[in-house]
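[1] What follows is a predicted structure for the sequence shown.
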Amino acid sequence: MEVTGRIIPPEERLALVPSDHPVLRRPADAVRDFDEALGALLDKMANTMYHEGGVGLAAPQVGEGKRVVVTHYGEERLELVNPEIVTIEGTQDGYEGCLSVPGYMGEVQRPAKVRVRYFDRRGRKSWVDAEGWPARVLSHELDHLDGGLFIECSTRVLRLRPEKAMRIVFMGTPEFAAIVLDALLEEGYKVVGVVTAPDRPRGRGQRVHASPVKDLALEGDIPVLQPESRADDEELAQYLAWLEPDLLITAAYGRILPRPILDVPRIGAINVHASLLPRYRGAAPIQRQILAGEETSGITIYWMDEGMDSGPVIHRAEMPLRQDITAGELHDELADLGSEALLEALEMIGAGDAPAEPQDESRANLAPKIVRGENRIDWQRRAVEVERRIRAFCPRPGAEALWRGRRLKILEATVEEGEGGPGEVLEVSERGILVGTGNGLCRITRLQPAGKRPMSVNEFVLGYDMAVGEVMQTDHDDQA
Ligand code: ZN
C-alpha cells in the first residue's frame, strides 16, 4: 500500500490536556537542560500539532509546564525554547482558534509585528521576525507559556458548528468523488486523510495518473492511502486507526468495506450514493437509471454496513431525470446534489440527530457495473431504448453502431415515429441520419467514427458516403 504524507502513530505523539487543566493556567518553567528529553518533547509536540491540524502548540497544552513552543505555517517549522517577545509593532484584529479550546473561535487583537528571541533544541540563541498571521500565531503560543488562553482576551467569541470539529476520512476515486471532496474542503471540514485507488495508466498514451481525489488531497496537504487490494485491508485499518476519524465518508469508492474498517470511525461510516435507494444499488446507478428510462433520480446518504448500498438511510435528495440528459450531464448534476445532500447530512450528524431509516428491501434493485459490449447498439430494440443507450454511454464509452464493419460512436439522437427495418438507413441529410429500429425510428445527429473526433452529421456526410438503403449491423459478434 502506498502512503503519501504523514500519518502519526499514537506512541509518537502526545495527548492534549482538557481545557480546564490547571497546567494551562500557570506560568511555565524555563528549560535548563538542552538534552535528549527536550528533543523528544519537541518531536512529539510537532507530531501532535500535525495530527491535530494546528499551526502552533505550546508545551502546557500537552501537560508539560515548560517554556517550549512549536509552530508550522507556510513552509517552515519553528521550534522555540524559552522564547521571549523583544519588540512589538502595531496591532491587528482577527479571529483565531486554539487546540486547547476546541469548538470556538475568538476575535483577538494581536501585535502586527513581533520579534521573538529564543533558543533552539541545542541551546543556540536565535530570533525570528514575524508579521501578520505568523505574528498572531507566535503571540498566541507565547501567551500559553504565561498561563493565558485566547478566550479571555477575545472581544467576540463564536461557537463553531459541532460537525466542523469532526475528524473525517474520505474514501473515493473518480471525478464524482473529487467533486464531493472539494465541497467538503471548501466548507472547511476537517479531512484528516484520504483513501483512493492506486495511480493507474489512463487516457491517451496510458501515462500513469493519480486519481482526481488524490490530486485534491495532495493540494490540501492531506495524507493519502492507496491500498492495492483486499490483502492491504489490515494495514489500511491500522493507518485509519492512527488517523482517529470520527466519521468515514465514501463516494464512488468502488468496493464494500469489511467490518474491521467500518469499525474504525468513532461515529460511523456513511456513503454518498447516486440514486434513490433502495433503487439502483451497485456500481453503475447513473447509467442504469438512464437505461431504464427513470423520470426521477437523486442522492441517498446512508450509514454503511457490510452489504451493498443496503445500510439505513440518513438523507435523500431528489431531482427530475430529464429525458434528454446524458450520463455525463447526470453525473455532474448528481455530484453537485450529492455534495449538498452530504453537507445537510453532516449537520444532522453533528447535531446528533441523524436518522437511520431501514431501506425497504421489497423495492430494492441492482445497478451492476457496465460490462464490455453493453454499449453496442442493437437496432432490433425499440427506438426509445436505443436512444436511452446512446445517452447512457455519452460521453464515455459511447454507444457503438457498426457500419460497413467500421465502428461509429453515436453521441446524440432523437426518437421519431415511423417504420423501417432494424438498422436500415432511411435518410441521410443535414437533419440527421434516420435509422429504423424494432419499433420507431432514431435520428442520429452527432457521432464519432472510430479513431476520429466527434462530428455533426453534416461533417460526417461530407467525409463518408453513407447511402440510403444501407443497413447498420445489429449483431456485433463479428467485430474484432
Ligand atoms: Zn492555543
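    Good, I have the coordinates.
[2] Show me where the stretch 151-300 of the chain has its strands.
    Secondary structure of the stretch 151-300 of the chain, counting by DSSP state E, counting those that start in this stretch: strands at 154-159, 167-172, 190-195, 200-202, 207-209, 224-226, 247-251, 268-273, 296-303.
[3] Can you give the domain ranges for this protein?
    2-159, 163-363, 383-479 (automatic domain parsing).
[4] okay if I get those as JSON lines plus mean pLDDT?
    Converted to JSON lines, the domains of the chain look like this (pLDDT from 0 to 100):
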{"stretch": "domain 2-159", "mean pLDDT": "96"}
{"stretch": "domain 163-363", "mean pLDDT": "95"}
{"stretch": "domain 383-479", "mean pLDDT": "92"}
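[5] I'd like to know which of the ones you listed is closest to I370.
    domain 163-363 (5.1 Å; Cβ to Cβ). Every residue, glycine included, has its C-beta placed from N, CA and C.
[6] how long is the closest one end to end?
    This stretch, domain 163-363, spans 33 Å end to end (Cα to Cα, to the nearest Å).
[7] what about it, distance to the chain center?
    7 Å (Cα atoms, centre = their mean, to the nearest Å).
[8] go on, stretch 60-77?
    Centroid separation between stretch 60-77 and its chain, computed with Cα atoms, centre = their mean, is 31 Å.
[9] cool, stretch 141-154 as well?
    Stretch 141-154 sits 36 Å away from the centroid of its parent chain (Cα atoms, centre = their mean).
[10] What are the buried residues along it?
    Residues of stretch 141-154 classed as buried by neighbour count (16 or more other Cβ atoms under 10 Å): 141-145, 149-151, 154.
[11] Among the residues you listed, which lie within helices?
    141-145 (DSSP state H).
[12] mind putting the residues you listed in a markdown table, distance to L181 included?
    Formatted as a markdown table, these follow (distance: Cβ to Cβ, whole Å):
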| residue | distance to L181 |
| --- | --- |
| E141 | 31 |
| L142 | 36 |
| D143 | 35 |
| H144 | 33 |
| L145 | 38 |
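[13] Pick the one among those residues closest to A383.
    Among those, and counting by Cβ to Cβ, the member closest to A383 is E141, at 70.4 Å.
[14] Okay, the closest one and E187: tell me how far apart.
    Computed as Cβ to Cβ, to the nearest Å, the E141 to E187 distance reads 27 Å.
[15] Leaving out chain neighbours, which residue sits closest to A364?
    P278 (3.8 Å; Cβ to Cβ, 6 or more residues apart in numbering).
[16] Let me know how buried that neighbour is, in neighbour terms.
    By other Cβ atoms under 10 Å, the residues close to P278 number 20.
[17] contacting residues around L99?
    By Cβ atoms under 8 Å, 6 or more residues apart in numbering, the contact set of L99 is 16, 49, 52, 54, 57, 61.
[18] again, 10 Å this time
    Shown in contact with L99 (Cβ atoms under 10 Å, 6 or more residues apart in numbering): 16, 19, 48-49, 52-58, 61-62.
[19] Check which strands are paired with the lengthiest strand in the chain and give the direction for each one.
    Across the chain, the strand with the greatest residue count (assigned by DSSP state E) is strand 76-89. Paired strands of strand 76-89, with direction, are strand 68-73 (antiparallel), strand 113-119 (antiparallel) (DSSP bridges).
[20] Switch the ones you listed over to CSV; also include mean neighbour count and distance to Q287.
    Listed next are those as CSV, based on neighbours: other Cβ atoms under 10 Å; distance: least, Cβ to Cβ, whole Å:
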stretch, mean neighbour count, distance to Q287
strand 68-73, 23, 45
strand 113-119, 19, 59
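[21] I'd like these as a markdown table, with distance to A345 appended.
    Putting these into a markdown table (distance: least, Cβ to Cβ, whole Å) gives the following:
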| stretch | distance to A345 |
| --- | --- |
| strand 68-73 | 32 |
| strand 113-119 | 43 |
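[22] so which of those gets nearest G103?
    strand 68-73 (21.8 Å).
[23] In JSON lines, list the strands of the stretch 151-300 of the chain along with distance to L38.
    Formatted as JSON lines, the strands of the stretch 151-300 of the chain follow (distance: least, Cβ to Cβ, whole Å):
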{"stretch": "strand 154-159", "distance to L38": "32"}
{"stretch": "strand 167-172", "distance to L38": "29"}
{"stretch": "strand 190-195", "distance to L38": "28"}
{"stretch": "strand 200-202", "distance to L38": "46"}
{"stretch": "strand 207-209", "distance to L38": "44"}
{"stretch": "strand 224-226", "distance to L38": "33"}
{"stretch": "strand 247-251", "distance to L38": "37"}
{"stretch": "strand 268-273", "distance to L38": "41"}
{"stretch": "strand 296-303", "distance to L38": "46"}
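[24] Can you check which of those gets nearest to F34?
    So among the strands of the stretch 151-300 of the chain, strand 190-195 is nearest, using Cβ to Cβ, at 32.9 Å.
[25] In contact with the residue most central in space within the chain: list those residues for me.
    By Cα atoms, centre = their mean, the chain has its centre lying nearest to L181, at 2.5 Å. Applying Cβ under 10 Å, 6+ apart to L181 gives the contacts 168, 170-172, 189, 191, 194, 196, 212-213, 216-217, 220, 222, 249, 251, 339, 342.
[26] Of these, which count as buried by neighbour count?
    Listed as buried from the contacts of L181 are 168, 170-172, 189, 191, 194, 196, 212-213, 216-217, 222, 249, 251, 339, 342; burial here means 16+ other Cβ under 10 Å.
[27] Give me the distance between the longest strand of the chain and the centre of its chain.
    37 Å.
[28] and the helix or strand that that strand is followed by, what other elements does it pack with?
    Per DSSP states H and E, strand 76-89 leads on to strand 92-96 as the next helix or strand towards the C-terminus. Helices and strands touching strand 92-96, by 3 or more Cβ pairs under 10 Å, 6 or more residues apart in numbering; DSSP states H and E, are strand 104-110, helix 133-145, strand 154-159.
[29] Now the first one: buried residues?
    Within strand 104-110, the residues that qualify as buried are 104-106, 108, 110, counting by 16+ other Cβ under 10 Å.
[30] go on, stretch 192-212?
    Buried residues in stretch 192-212 (16+ other Cβ under 10 Å): 192-198, 210-212.
[31] Can you get me the start-to-end distance on it?
    So stretch 192-212: terminal residues 17 Å apart, Cα to Cα.
[32] Can you spell out which helices and strands pack onto the longest helix seen in the chain?
    Among the segments of the chain that qualify as a helix by DSSP H, the longest is helix 327-351. Under the contact criterion of 3+ Cβ pairs under 10 Å, 6+ apart, helix 327-351 touches helix 175-186, strand 247-251, strand 268-273, helix 285-291, strand 296-303, strand 313-320, helix 383-392.
[33] looking at those, which is closest to E470?
    Among those, the nearest to E470 by Cβ to Cβ is helix 383-392 (17.1 Å).
[34] what's the angle from the helix or strand following the closest one to helix 383-392?
    Counting by DSSP H and E, the next helix or strand C-terminal to helix 383-392 is strand 399-403. Angle of strand 399-403 versus helix 383-392, following axes from the mean of the first three to the mean of the last three Cα atoms, to 10 degrees, is 120 degrees.
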